[in-house]
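> Sequence unavailable; structure follows:
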């Protein structure tokens, strides 16, 4: 993790949604730069705990508070983590599904468009999951096309896939972030006359990151465990950044709200989005959507 300044998204709204109180226990499933956790810590002292979970091994070096417990693990293992820590009452769980500013600024694993970093894109660089470069090198045309369409909703998924396969067949493999950005930009220049407001590589990088880290599978696994872990009156807050994530969260909350047990109440009838002021300060917040439920 680098030392770039981390801007927690929808911080005030998260605090309003979770409503942390003195001596409560809360879990930040995606600790990242720790912005949300630090604000929650100020609310739960003197005897409350915040458990911060992150796949990046560097998280273990970031502990700065006796009320903070940092765990290097995948949040999909939430049930196991809680059991191992022996915590019996959880009052709030937060899932911020976006990349932290530290990760976005990290060129060494390919997260940044502005660099020559190897296309890794694994949150945990020690895991045995395939890197983005390995996916681009080994996956079939059909598999790549499905990743770009389903996970990135990329409008030029087909020509981008065809170009990756063509380069592969000529012995050229896309292994660094700048190589992939260049390939995608070339396809956009052929299709569109006007320059995009956003980097044209955004959706492909997003799609590869989701595939590399099995993000959708992790979300589907953690949501029921998060609800089950909560004490009555406890709340789960989820920040998503694109339609695929938000769709999973929305459907789960809707279905869980009509089940007999555990019962939840949907606090946010519509997702909460960032204010114009926050978007000006932190453009990443533009696509953030916050949904909150309470266990009853």
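Good, I have the coordinates. Only a predicted model underlies this, so the values are computations on that prediction, with no experimental measurement involved.
> Quick check, residue 240 in contact with residue 272.
No - under the criterion of Cβ atoms under 8 Å, residue 240 is not in contact with residue 272, lying 11.3 Å apart. Placement of C-beta: from N, CA and C, glycine included.
> hey, where'd the strands end up in the stretch 151-296 of the chain?
Using DSSP state E, counting those that start in this stretch, the strands of the stretch 151-296 of the chain run over 230-240, 264-266, 272-273, 289-295.
> Export the ones you listed as JSON lines, with columns for distance to residue 119, mean pLDDT and mean neighbour count.
Shown next, in JSON lines, are those (distance: least, Cβ to Cβ, whole Å; pLDDT from 0 to 100; neighbours: other Cβ atoms under 10 Å):
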{"stretch": "strand 230-240", "distance to residue 119": "24", "mean pLDDT": "97", "mean neighbour count": "22"}
{"stretch": "strand 264-266", "distance to residue 119": "39", "mean pLDDT": "95", "mean neighbour count": "16"}
{"stretch": "strand 272-273", "distance to residue 119": "31", "mean pLDDT": "98", "mean neighbour count": "17"}
{"stretch": "strand 289-295", "distance to residue 119": "28", "mean pLDDT": "98", "mean neighbour count": "23"}
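> Same list (these) but as a markdown table, adding distance to residue 62.
Converted to a markdown table, these look like this (distance: least, Cβ to Cβ, whole Å):
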| stretch | distance to residue 62 |
| --- | --- |
| strand 230-240 | 20 |
| strand 264-266 | 32 |
| strand 272-273 | 28 |
| strand 289-295 | 24 |
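> So for residue 151, which of those sits nearest?
strand 230-240 (13.4 Å; Cβ to Cβ).
> Run the chain-centre distance for that closest one.
17 Å (Cα atoms, centre = their mean, to the nearest Å).
> and that strand, which strands flank it?
Taking DSSP bridges as the criterion, strand 230-240 sits next to strand 90-96 (parallel), strand 289-295 (antiparallel) in its sheet.
> Format those as JSON lines; extra columns: distance to residue 144.
Output for those, formatted as JSON lines (distance: least, Cβ to Cβ, whole Å):
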{"stretch": "strand 90-96", "distance to residue 144": "28"}
{"stretch": "strand 289-295", "distance to residue 144": "28"}
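> So which of these is nearest residue 20?
So among the strands paired with strand 230-240, strand 90-96 is nearest, using Cβ to Cβ, at 5.9 Å.
> outside of that closest one, which residues touch it?
Strand 90-96 has contacts (Cβ atoms under 8 Å, 6 or more residues apart in numbering) with 8-9, 14, 18-21, 24-30, 32, 36, 40, 75, 78, 82, 219, 222, 226, 229-231, 233-239.
> rerun that using 6 Å as the cut-off
Counting by Cβ atoms under 6 Å, 6 or more residues apart in numbering, strand 90-96 makes contact with 18, 20, 24-30, 36, 226, 229-231, 234-239, all of which sit outside it.
> try stretch 270-285
7, 9-10, 13, 286, 288-291.
> residues contacting residue 132?
Residues in contact with residue 132 (Cβ under 6 Å, 6+ apart) are 119, 121, 208, 212.
> Can you add distance to residue 251 and give the contacts of stretch 270-285 back as TSV?
As requested, those are arranged in TSV below (distance: Cβ to Cβ, whole Å):
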residue	distance to residue 251
7	29
9	22
10	21
13	22
286	23
288	19
289	14
290	16
291	11
